[in-house]
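Novice: build me a structure from this.
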Amino acid sequence: VQVVESGGDLVQTGGSLRPACVASGLTLAYYGAGWVRQVPGKGREGLACISQRDGITTTSADAVKGRFTISRDDVKNTLLLQMNSLKPEDTAVYYCASGGYDCDVSSYEYWGQGTRVTVSS
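Specialist: Next up is the predicted model:
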């Protein structure tokens, strides 16, 4: 199983990015999946997740509500994170994870290597 993120970049404040996460050896629609970010020296922060049972999405981080949207492309077996109105405090490494149950991040078995997002002020 492989989970590979891409789409991180350097962007100015107010800009948008859409990181993507392609899974191989794992059908994302059969598992819960989500996005988590980590700032160096700090713990991981769960951002958003999608349930495998009914595809319901949840944005768990107050700091990104109304700006970040998670979605899943079942044809491409890809998890996406649309990030709008980016702020310098969004600068972090963004990870995709799956292989677990609904939005229980602690149950996710498979994690990507991360994609770096830098927001300049």
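Novice: name the residues that touch stretch 46-56?
Specialist: By CB atoms under 8 Å, 6 or more residues apart in numbering, the list of residues contacting stretch 46-56 from outside reads 28-37, 57-61, 64, 68-72, 79, 81, 94, 101-103, 105. Heads up, the C-betas are built off the backbone N, CA and C, glycines and all.
Novice: residue contacts, the residue nearest to the spatial centre of the chain?
Specialist: Geometric centre of the chain, nearest residue: W35, 2.5 Å, by CA atoms, centre = their mean. Applying CB under 8 Å, 6+ apart to W35 gives the contacts 19, 21, 46-49, 68, 70, 79, 81, 94-97.
Novice: in three-state terms, label it for me.
Specialist: Three-state call for W35 (DSSP: H, G, I helix; E, B strand; the rest coil): strand.
Novice: what's the pLDDT at it?
Specialist: The score at W35 is 97. That number is its pLDDT.
Novice: also D54?
Specialist: pLDDT, read off for D54, is 81.
Novice: doesn't it fall inside a helix?
Specialist: No. Going by three-state DSSP, the assignment for D54 is coil, not a helix.
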